[in-house]
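# Show me the folded form of this:
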Amino acid sequence: MKKKKKKKKKKKKKKKKKKKKGGEEEGRRRRRREEKKKKKKKGGEEEEGRRRRREEKKKGGEEGRRRRRRRRRRRREEKKKKKKKKKKKKKKKKGGEEEGRRRRRRRRREEKKKGGEEGRRREEKKKKKKKKKKKKKKKKKKGGEEEGRRRRRRRRRRRRREEKKKGGEEEEEEEEEEEEEEEEEGRRRRREKKKKKKKKKKKKGGEEEGRRRRRREEKKKGGEEEGRRRRRRR
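Take a look at the predicted model:
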């Protein structure tokens, strides 16, 4: 009689546990780490709590299950609250700040048309404010004689325009122009004299300068003594 072959039992594959991020599994690990760091206090309150937790884990008791349920419920509620906390966009209030400005402008316009006393007062205040404007910072002067001449010409033309508006006489303008031109001529002469007076720079590449340069290089390379020796060899 032939022996019957025994059927091989299929091995069940163990399912890998998924790591819970910041969940129960992480909490257990954290508690274990803390327990290892701290010295165990026999009969201490902290030790008692840990012992109770370990026993409940082993038994898989009802108390442990309740705690887990409570934790899950708490987390769900917290997530819901976070979602609710999103700020709603504020609706623009009618009759707000912008509306107030428009209303005030409308009232001013009406008063101007009527020529009322209140409207006049406001106009006078505005004119005073315009006069009190801060002085503009002067722009940095661009170097060069040509640029200076242009700037002065512009100034003269502006002054002439302003005086014509005020009703100034042409004779005064001509005199001022002549004076300015004389001043300009005097400045130009002075500048030219200063340029001539400036000392001429010594030309590099002369015999004396060449010696000095060589000495400096020799000092860097290893002193004057070494340089002398090199010169003798040459």
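
# For the rest of this, base every contact and every neighbour count on C-alpha atoms.
Fine.

# Now the element after the helix or strand containing Glu178, going C-ward?
Element membership of Glu178, judged by DSSP states H and E, is helix 170-197. Using DSSP H and E, the next helix or strand after helix 170-197 towards the C-terminus is helix 207-233.

# just so I have it, where are all the helices in this structure?
24-37, 45-59, 62-84, 97-114, 117-131, 145-166, 170-197, 207-233 (DSSP state H).

# Next, format those as JSON lines and append mean neighbour count, mean pLDDT and distance to Lys15.
Formatted as JSON lines, those follow (neighbours: other CA atoms under 10 Å; pLDDT from 0 to 100; distance: least, CA to CA, whole Å):
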{"stretch": "helix 24-37", "mean neighbour count": "12", "mean pLDDT": "82", "distance to Lys15": "16"}
{"stretch": "helix 45-59", "mean neighbour count": "12", "mean pLDDT": "72", "distance to Lys15": "21"}
{"stretch": "helix 62-84", "mean neighbour count": "12", "mean pLDDT": "83", "distance to Lys15": "22"}
{"stretch": "helix 97-114", "mean neighbour count": "12", "mean pLDDT": "79", "distance to Lys15": "65"}
{"stretch": "helix 117-131", "mean neighbour count": "11", "mean pLDDT": "71", "distance to Lys15": "83"}
{"stretch": "helix 145-166", "mean neighbour count": "12", "mean pLDDT": "82", "distance to Lys15": "87"}
{"stretch": "helix 170-197", "mean neighbour count": "11", "mean pLDDT": "78", "distance to Lys15": "95"}
{"stretch": "helix 207-233", "mean neighbour count": "12", "mean pLDDT": "74", "distance to Lys15": "77"}
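
# Make a markdown table from these and add distance to Lys14 to it.
Below are the helices of the chain laid out as a markdown table (distance: least, CA to CA, whole Å):
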| stretch | distance to Lys14 |
| --- | --- |
| helix 24-37 | 18 |
| helix 45-59 | 21 |
| helix 62-84 | 24 |
| helix 97-114 | 69 |
| helix 117-131 | 86 |
| helix 145-166 | 90 |
| helix 170-197 | 98 |
| helix 207-233 | 78 |
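
# State the distance from Arg108 to Arg122.
Taking CA to CA, to the nearest Å as the measure, Arg108 and Arg122 are separated by 9 Å.

# what does Glu24 give?
Distance from Glu24 to Arg122, by CA to CA: 73 Å.

# circling back to that earlier point, looking at the helices of the chain, which is closest to Lys13?
Smallest distance to Lys13 across those (CA to CA): 21.9 Å, for helix 24-37.

# Now do the closest one and helix 62-84, the angle between them.
Helix 24-37 runs at 120 degrees relative to helix 62-84, counting by axes from the mean of the first three to the mean of the last three CA atoms, to 10 degrees.

# Only alpha carbons, please: show helix 24-37 as PDB.
The C-alpha coordinates for helix 24-37 follow below in PDB (Å, rounded to 0.1, in the frame of the first residue of the first chain):
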ATOM      1  CA  GLU A  24      -1.500  55.500  20.200                       C
ATOM      2  CA  GLU A  25       1.600  53.500  19.100                       C
ATOM      3  CA  GLU A  26       3.700  56.600  19.300                       C
ATOM      4  CA  GLY A  27       2.300  57.400  22.800                       C
ATOM      5  CA  ARG A  28       3.400  53.900  24.000                       C
ATOM      6  CA  ARG A  29       6.900  54.300  22.700                       C
ATOM      7  CA  ARG A  30       7.200  57.800  24.300                       C
ATOM      8  CA  ARG A  31       6.100  56.400  27.700                       C
ATOM      9  CA  ARG A  32       8.500  53.600  27.400                       C
ATOM     10  CA  ARG A  33      11.400  56.000  26.700                       C
ATOM     11  CA  GLU A  34      10.400  58.200  29.600                       C
ATOM     12  CA  GLU A  35      10.200  55.200  31.900                       C
ATOM     13  CA  LYS A  36      13.700  54.000  30.900                       C
ATOM     14  CA  LYS A  37      15.200  57.500  31.600                       C
END
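
# Perfect, I'm done here.
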